[in-house]
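Engineer: sequence first, predicted model second:
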There are 2 protein chains.
Amino acid sequence: MRNIIVGFLGCGNIGCGVWKLLNEFEQDLHHRSGVHFQVKRILVRDMKKKRDQAIPEELLTTQVEDITDDPEIEMVVEFMGGEIPAAQYMLRALEHGKTVVTANKMALALNWHLLQAAAEKHNAGLYYEAAVCGAIPVIRTTIDSLQANRIETMMGIINGTTNYILTRMSQEGSAYEDVLKDAQRLGLAEPDPTSDVEGFDAAYKISILSSLAFHARVPFDVVYREGISKVDAVDIAYGKELGYTLKLLAIAKRDGNVIDARVHPTFIPHEHPLSSVNGSFNAVFLHGHACQDMMLFGCGAGSAPTASAVVSDMIYAASREKPHHPTFKNENRLADGLEVTNNWRCSFYLRFTASDKPGVMAHITACLGNEGISIRNLMQREAVDGHAQIVLITHEAGECAVWKALRAIDQNDAKVEAMIRVEGK
Amino acid sequence: MRNIIVGFLGCGNIGCGVWKLLNEFEQDLHHRSGVHFQVKRILVRDMKKKRDQAIPEELLTTQVEDITDDPEIEMVVEFMGGEIPAAQYMLRALEHGKTVVTANKMALALNWHLLQAAAEKHNAGLYYEAAVCGAIPVIRTTIDSLQANRIETMMGIINGTTNYILTRMSQEGSAYEDVLKDAQRLGLAEPDPTSDVEGFDAAYKISILSSLAFHARVPFDVVYREGISKVDAVDIAYGKELGYTLKLLAIAKRDGNVIDARVHPTFIPHEHPLSSVNGSFNAVFLHGHACQDMMLFGCGAGSAPTASAVVSDMIYAASREKPHHPTFKNENRLADGLEVTNNWRCSFYLRFTASDKPGVMAHITACLGNEGISIRNLMQREAVDGHAQIVLITHEAGECAVWKALRAIDQNDAKVEAMIRVEGK
């Protein structure tokens, strides 16, 4: 049996989940992996705080050096959340040659290059399965099971809060603000929901995932980001009628040297595997040149599911003789020779409020036609107060051409109300 | 760079797919893994057969010893299919200390204990991701990502042929025989379809998967097996009306020391993630005590997807300093202390042809009530020629009680037409 002495950075919801899993499942873990994890110290902010788990008080410390600088501690597991000081503490642990396991997408996405450089320099491991999609083994699958693939597309529902909100808006026809309040009351959204609803959380995660998928760092700041706070329930309803479900998708595509990386509300056809991923579930759909279509679905958050991934990383780290690192050059910028486009190609859902008089439809369709954009579905609702709703879905088109057409269309008689990208055949 | 000399056993559809992937993707594989695979010899039955890939003739041999006994060959990759001689050849390779990668579920499921014993004795690796669900990393996920879980349920659509047939029967209302003929014409079903349609293929795979999930060998011969050849389109239609989709599911459950292991046509609710897995796609749904619900979806067969898994195993094997073996005792029998039940608990779909006269419904419901079986949904169709169709779905009940009730019900006035298990809440 190998005894591994571990330090925890943080002991909130996830930390307590990991503590619980390590203790309750100790015998099985030991039998299956030959490893025993002994938690020696736990960094906390408040020694007196009441915790879910009965953790011996002598393990707690408020001094990070008690963990990062203790030569006996071999592995440091971080679940503090936030960028600073988590990233600094992990860096310090790596510089002391300790293996780091983290569930912190923000600290990783923004500081990956520094952390990886320190890990490589000090021959330490750096593992982060729990940082993306909780229990779902998306990181491990990308690294260990899809090496023989040129991954062309990755599309994920990788933020549970926004998926919960959009699912309820879709099922009940409710307004965004109402469902958000409900989600906050239920603890499914933060008091300040910005990171989730504006897509930051999903952007951190797709930055990490797409870097691994494309074997090239796709830094956070090149990810286009649009949240769900401006989504109107009426568009969800029209989309549904046309056969589409609205999701906040994180999308990464690679075609030769051109990369798409974006997070935005997206319509996908009802038949698409992602379309039935409801509530706070997460899923990542991908297409590789050999594996073809694949989807991984599961719990993207929560104490026990995240602990499942953290402990799996701890065992994975313990079982490797040499740490595993991505082989791409990890600098905080896009690799030379690659290019990020904002002129992605997809279909577009467009909604206009049009005056109920001759020539308006001709104006809209002519402006689209001028940019080479053709229409797949079109529906016009009977006018109320002299204004009709026109909803259409285009065939595949370029983002820039669509914006140009929308600028030409937008005027008193034809107001552009919504533009939502459509993915998935 | 590490050069690994490889021998192929077989060179059909999958063998050619692996050859193609290794060659076309050589540079990327090398860059990502630091390994180069050099295929030295390929065992074939017919040297003159025309193949998809331009394979140099001097690599071909009809003598297995040219591969298993060649000390230069470090890794043997098997895709012959069938039990014998594939299992014998793999055994011979392992006895010569060679790592074996196989895509052969039948040979593995029936001879796993022998193969693993030889692998352990000769310190050789044995890998089989491609044997179950093609490109989908179900084996790797179970072994490497879910170690910290007590997996309670695994339910899979793990045979593409039957899923294709059932999907078409469901979408078109067609009869089994007609769709099967079509599938055979399209190359999606074998000329002798027994292994697929009678559930043998799925039973091999669930035997392997459940053994890994439960950390105890669940041998093939304890898997209950019922195929789709007796499925009537009328039951698919009634089920659909009640909110259920018919799938051939492979199911493994563990509750304490009692194990369920079975393959049979199963209704699942439309909302269940498995329900939208259509055509020849595969998916495995599982529930672990920590990870909660999870599903892996993708291509379960085909040359390129299977090659994706085979090459992934080759790299995985090459990157490990010590071979990885399951930690459970691998004998060809259920482990001491475990028990396989055939009295599983689930809901049941029942269909009766009933005479259109008083008392028949009372007879049916009384017989069910006598066994403690309660009814969740019931629907009766207007009688034609004096006979009505009665369709019902029970609440959760035991299999044995249901059979007892059905024997009591079955008589001239109430003929039992169908009994289909229902899974998934």
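Structural biologist: All right, it came through fine. The model shown is predicted, which means the values in this text are computed figures rather than measured ones. Numbers count the residues shown, from 1 in each chain, chains lettered A, B, ... in the order given.

Engineer: can we go C-alpha only for contacts and neighbour counts from here?
Structural biologist: OK.

Engineer: in chain A, mark out all the helices, start to finish.
Structural biologist: Counting by DSSP state H, one finds helices in chain A at the ranges A:13-24, A:26-33, A:65-68, A:86-95, A:105-121, A:138-140, A:160-172, A:176-185, A:194-197, A:200-214, A:233-241, A:303-319, A:360-370, A:399-409.

Engineer: I'd like those as a markdown table, with mean neighbour count, distance to A:Arg45 and mean pLDDT appended.
Structural biologist: A markdown table is the format used below for these (neighbours: other CA atoms under 10 Å in any protein chain shown; distance: least, CA to CA, whole Å; pLDDT from 0 to 100):
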| stretch | mean neighbour count | distance to A:Arg45 | mean pLDDT |
| --- | --- | --- | --- |
| helix A:13-24 | 20 | 13 | 97 |
| helix A:26-33 | 17 | 27 | 95 |
| helix A:65-68 | 21 | 14 | 98 |
| helix A:86-95 | 22 | 12 | 98 |
| helix A:105-121 | 21 | 18 | 98 |
| helix A:138-140 | 22 | 30 | 98 |
| helix A:160-172 | 23 | 26 | 97 |
| helix A:176-185 | 16 | 25 | 97 |
| helix A:194-197 | 18 | 23 | 98 |
| helix A:200-214 | 25 | 24 | 98 |
| helix A:233-241 | 18 | 42 | 97 |
| helix A:303-319 | 25 | 19 | 97 |
| helix A:360-370 | 16 | 57 | 96 |
| helix A:399-409 | 17 | 47 | 98 |
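
Engineer: and B:Met75, which of those helices is closest to it?
Structural biologist: helix A:303-319 (22.2 Å; CA to CA).

Engineer: could you give the angle of the closest one to helix A:26-33?
Structural biologist: Comparing the axes of helix A:303-319 and helix A:26-33 via axes from the mean of the first three to the mean of the last three CA atoms, to 10 degrees yields an angle of 40 degrees.

Engineer: now helix A:303-319 against helix A:13-24, angle please.
Structural biologist: 60 degrees.

Engineer: sorry, back to before: please name whichever of the helices of chain A is nearest to chain B.
Structural biologist: Of all the helices of chain A, helix A:303-319 sits nearest to chain B, with 4.1 Å by CA to the nearest CA.

Engineer: roughly how far is that closest one from the heart of the chain?
Structural biologist: Mean C-alpha position of helix A:303-319 versus that of the full chain (CA atoms, centre = their mean, to the nearest Å) differs by 19 Å.

Engineer: ok, A:Thr99 - contacts?
Structural biologist: With contacts taken as CA atoms under 8 Å, 6 or more residues apart in numbering or on different chains, A:Thr99 has the following neighbours: A:74-76, A:93, A:119, A:124-126, A:317.

Engineer: make TSV out of the helices of chain A and add distance to chain B.
Structural biologist: As requested, those are exported to TSV (distance: least, CA to the nearest CA, whole Å):
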stretch	distance to chain B
helix A:13-24	7
helix A:26-33	6
helix A:65-68	24
helix A:86-95	23
helix A:105-121	16
helix A:138-140	8
helix A:160-172	13
helix A:176-185	21
helix A:194-197	22
helix A:200-214	11
helix A:233-241	17
helix A:303-319	4
helix A:360-370	35
helix A:399-409	30
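
Engineer: for the stretch 201-350 of chain A, which residues are neighbours of chain B?
Structural biologist: A:271, A:273, A:276-277, A:290-299, A:304-309, A:311-313, A:316, A:320-321, A:327 (CA under 8 Å from any CA of the partner chain).

Engineer: circling back: what's the most distant pair in the contacts of A:Thr99?
Structural biologist: For those, with distances taken as CA to CA, the pair at the greatest spread is A:Ala93 and A:Ala317 (15.0 Å).

Engineer: where along the stretch 251-400 of chain A do the strands fall?
Structural biologist: A:258-269, A:281-288, A:292-299, A:339-340, A:345-355, A:375-384, A:387-394, A:397-398 (DSSP state E, counting those that start in this stretch).

Engineer: out of those strands, name the one with the poorest average pLDDT.
Structural biologist: Of all those, mean pLDDT reaches its minimum on strand A:375-384 (a mean of 92).

Engineer: pull out the buried positions in that one.
Structural biologist: Within strand A:375-384, the residues that count as buried by 16 or more other CA atoms under 10 Å in any protein chain shown are A:Ile375.

Engineer: for that strand, packing partners?
Structural biologist: Other helices and strands packing on strand A:375-384, by 3 or more CA pairs under 8 Å, 6 or more residues apart in numbering or on different chains; DSSP states H and E, are strand A:387-394.

Engineer: find the centremost residue of chain A, please.
Structural biologist: A:Ala202 (3.1 Å; CA atoms, centre = their mean).

Engineer: which residues touch that one?
Structural biologist: For A:Ala202, the contact set (CA under 8 Å, 6+ apart) comprises A:158-159, A:196, A:250, A:263.

Engineer: looking at these, which one is closest to chain B?
Structural biologist: Of all the contacts of A:Ala202, A:Ile158 has the smallest distance to chain B: 14.1 Å, by CA to the nearest CA.

Engineer: report how many residues lie close to the residue lying closest to the closest one once chain neighbours are set aside.
Structural biologist: The shortest distance from A:Ile158 to any non-neighbouring residue, by CA to CA, 6 or more residues apart in numbering or on different chains, is to A:Asn282 (5.1 Å). Applying the criterion other CA atoms under 10 Å in any protein chain shown, we find 27 residues in the vicinity of A:Asn282.

Engineer: how close does A:Asn282 sit to A:Lys205?
Structural biologist: Summarising the geometry, the distance separating A:Asn282 from A:Lys205, computed by CA to CA, to the nearest Å, is 12 Å.

Engineer: shared neighbours, these two?
Structural biologist: Joint contacts of A:Asn282 and A:Lys205 (CA under 8 Å, 6+ apart) are A:Ile158.

Engineer: between the contacts of A:Thr99, which sits nearest A:Asp28?
Structural biologist: Minimum separation from A:Asp28 among these (CA to CA) is found for A:Ala317, which lies at 17.5 Å.

Engineer: what's near enough to touch that closest one?
Structural biologist: A:Ala317 makes contact with A:99, A:125, A:127, A:323 under the criterion CA under 8 Å, 6+ apart.

Engineer: now the two most distant members of those.
Structural biologist: Farthest apart among the contacts of A:Ala317 by CA to CA are A:Tyr127 and A:Pro323. That separation is 9.2 Å.

Engineer: higher neighbour count, the two?
Structural biologist: Just comparing A:Tyr127 and A:Pro323: by other CA under 10 Å the higher neighbour count belongs to A:Tyr127, 23 against 17.

Engineer: report the beta-bridge partners for that one.
Structural biologist: Taking DSSP bridges, one obtains A:Val101 as the residues bridged to A:Tyr127.
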